[in-house]
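J.: structure of the sequence below:
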Amino acid sequence: MWLPAALIPVPVAREASSRHLAARLACSAGAFALVALWPRTFDAIASATGSRCVMQAWFGWPCPGCGITTSLRALGAGDVLASLHANPAGVVVAAVLLAQGGLSAAGLWRRSGADPEIHRWLNRLDRLLAGGIGAAWAARIVGLWS
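T.: Reported below is the predicted structural model:
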């Protein structure tokens, strides 16, 4: 992930690794804001496209992310069971977004953007996210969860 230096405050934009952390923090905050602050956005998109999932409409299979938005919205409302029912990976997505945002903010705050340990943890979180979404998708396709 990369952001141009012009988009980031000067003290943070001095090195590429700090820009990387700022980009991750911005993505985590943006995803949180989109789900938490503008939940009706997804309803508008669904009504405009005529489908909740384009992949399901085209191919008959749900996409790997089917139900994650609903899961995150339910989790934001405090309904963990509805969140797990919509897509169990939604809980993983929420945890990873929070962890990535926290790690990125801590790295920027301490001015340790070049710390390789932070980037190793961010990469581990990326793998956890991909694994969680992949596992939920596989479970849905084989019928373990609908």
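J.: which strands and helices sit next to the host helix or strand of Arg140?
T.: Following DSSP states H and E, one finds Arg140 within helix 116-141. Using 3 or more Cβ pairs under 8 Å, 6 or more residues apart in numbering; DSSP states H and E as the contact criterion, the neighbours of helix 116-141 among helices and strands are helix 16-37, helix 89-109. (Glycine included, C-beta is placed from N, CA and C.)
J.: worst average pLDDT in the ones you listed?
T.: Comparing mean pLDDT across those, the lowest value falls on helix 16-37: a mean of 73.
J.: that older thread, distance to Cys66 and mean neighbour count added to the helices and strands packed on helix 116-141, as CSV?
T.: What follows is the helices and strands packed on helix 116-141, written out as CSV (distance: least, Cβ to Cβ, whole Å; neighbours: other Cβ atoms under 10 Å):
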stretch, distance to Cys66, mean neighbour count
helix 16-37, 15, 18
helix 89-109, 10, 19
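J.: got a list of what Ala105 touches?
T.: Ala105 makes contact with Leu25 under the criterion Cβ atoms under 8 Å, 6 or more residues apart in numbering.
J.: which stretch among the helices and strands packed on helix 116-141 comes nearest Met55?
T.: With Cβ to Cβ as the criterion, Met55 lies closest to helix 89-109 of the helices and strands packed on helix 116-141, at 15.3 Å.
J.: returning to that earlier point: same list (the helices and strands packed on helix 116-141) but as CSV, adding distance to Asp115.
T.: Below are the helices and strands packed on helix 116-141 laid out as CSV (distance: least, Cβ to Cβ, whole Å):
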stretch, distance to Asp115
helix 16-37, 8
helix 89-109, 6
